[in-house]
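Trainee: Next comes the sequence, and after it the predicted model I'd like to discuss.
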Amino acid sequence: MRIVRHNYPLSKSEYKDNFLTSMDSFFDSLLKNELSHYNKALGLDFFGKGSYPKVNVSKNKSGLLIEAAIPGLSRQDVNVSVEDNVLTISGKSSNDEDTSFVIRELKKSSFARSFILSEELNSEEIIAKVKDGLLSLFIPWKKQKNEDKTKVINIEIQ
């Protein structure tokens, strides 16, 4: 029995990165094409590749939760604003100007990411919290008005 070793031009980690990048592209394409109706609620480039900060968006009967990964940033480094139903998460991370790098792999710059909020959300009552590098934004649903509700009048017997 003969064992043949192949000398691949890429390392194991590079193959893993290429595989994950391909899978990310596949899912980005699937979500953009198959779930495009979410673009209206979350913004046109919500599923865009390279968006920062990375987010999870979930909903329940109480409202919508946006969780954004902001590792290494404090509450003072991040801004959250709403204008014309557009929620924007922005911030700035910078290095000490006197720092000289031997290797630099960490991104240190300003960023902004926006989401178009649906009319069903109450942007006046957003709750924002940050803990352990995770920014959590809870946006409650607007309370539904019962304008068309018919009032039933109880008839008493005398």
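Mentor: Yep, it's here. Residues are numbered from 1 along each chain as shown.

Trainee: how about the nearest residue to residue 57, chain neighbours excluded?
Mentor: In space, and not counting its chain neighbours, residue 57 is closest to residue 66: 5.3 Å by CB to CB, 6 or more residues apart in numbering. Placement of C-beta: from N, CA and C, glycine included.

Trainee: Please identify the helix or strand for that neighbour.
Mentor: Assigned by DSSP states H and E, residue 66 belongs to strand 63-69.

Trainee: and after that strand, which helix or strand comes next?
Mentor: strand 78-83.

Trainee: what's in contact with that next one?
Mentor: Residues outside strand 78-83 that contact it (CB atoms under 8 Å, 6 or more residues apart in numbering): 70, 87-91, 117, 123, 126, 128, 130, 135, 137.

Trainee: Dump these into JSON lines; add distance to residue 77, neighbour count and secondary structure as well.
Mentor: Conversion of the contacts of strand 78-83 to JSON lines gives the following (distance: CB to CB, whole Å; neighbours: other CB atoms under 10 Å; DSSP: H, G, I helix; E, B strand; the rest coil):
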{"residue": "70", "distance to residue 77": "8", "neighbour count": "21", "secondary structure": "coil"}
{"residue": "87", "distance to residue 77": "18", "neighbour count": "22", "secondary structure": "strand"}
{"residue": "88", "distance to residue 77": "15", "neighbour count": "13", "secondary structure": "strand"}
{"residue": "89", "distance to residue 77": "11", "neighbour count": "22", "secondary structure": "strand"}
{"residue": "90", "distance to residue 77": "10", "neighbour count": "15", "secondary structure": "strand"}
{"residue": "91", "distance to residue 77": "5", "neighbour count": "22", "secondary structure": "strand"}
{"residue": "117", "distance to residue 77": "23", "neighbour count": "20", "secondary structure": "coil"}
{"residue": "123", "distance to residue 77": "23", "neighbour count": "17", "secondary structure": "helix"}
{"residue": "126", "distance to residue 77": "19", "neighbour count": "19", "secondary structure": "coil"}
{"residue": "128", "distance to residue 77": "13", "neighbour count": "14", "secondary structure": "strand"}
{"residue": "130", "distance to residue 77": "10", "neighbour count": "17", "secondary structure": "strand"}
{"residue": "135", "distance to residue 77": "10", "neighbour count": "21", "secondary structure": "strand"}
{"residue": "137", "distance to residue 77": "16", "neighbour count": "21", "secondary structure": "strand"}
